[in-house]
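Peer 1: just coords:
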């Protein structure tokens with residue numbers, strides 16, 4: 001059982017788009033609401049994209065950047081909290097966290113594709 005779990009986890013970290021698609025399909029069958037299903041799939045796969053980017057950077061450049069990811073997350077949270085406070089004068093933590101979380105998805109989704117393309121290009125050229 002542990003081996004099956006390890007294989008599934010490794011596959012999802014290697015191909016987070018597959019995880020996004022599977023979660024979207026499952027939630028779409030359950031909820032029958034495309035927008036809600038997509039948002040839930042995005043929320044649940046942020047960690048897959050972060051982990052994937054971490055391991056791709058480590059594999060390509062040999063850089064361990066866990067602390068950098070944590071600092072980026074905290075800096076984003078600070079900026080989002082400040083902007084939310086300036087706009088609404090009262091901080092809704094749940095709304096700020098959801099914004100930060102989804103922003104992280106966009107950033108790491110784009111980083112995933114950029115690093116993937118770079119890695120493919122470099123492996124073809126060498």
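Peer 2: Arrived safely, thanks for sending. Source: prediction; values computed, not measured.
Peer 1: Dihedrals phi and psi, residue 74?
Peer 2: Taking degrees, to the nearest 10, you get phi -70, psi -40 for the backbone angles of residue 74.
Peer 1: show me the contacts for residue 63.
Peer 2: Residues in contact with residue 63, defined by CB atoms under 8 Å, 6 or more residues apart in numbering, are residue 57. For every residue, glycine as well, the C-beta is placed using N, CA and C.
Peer 1: can you do 10 Å?
Peer 2: Shown here is residue 63, whose contacts under the criterion CB atoms under 10 Å, 6 or more residues apart in numbering are 54, 57.
Peer 1: ok, and the closest non-adjacent residue to residue 84?
Peer 2: Leaving aside its chain neighbours, residue 84 sits nearest to residue 96 (5.1 Å; criterion: CB to CB, 6 or more residues apart in numbering).
Peer 1: tell me the secondary structure for that neighbour?
Peer 2: The three-state assignment at residue 96 reads helix, by DSSP: H, G, I helix; E, B strand; the rest coil.
Peer 1: count of residues packed around it?
Peer 2: 18 (other CB atoms under 10 Å).
Peer 1: I'd assumed residue 80 was in contact with it.
Peer 2: Yes - the criterion here is CB atoms under 10 Å, and residue 96 meets it with residue 80 at 5.2 Å.
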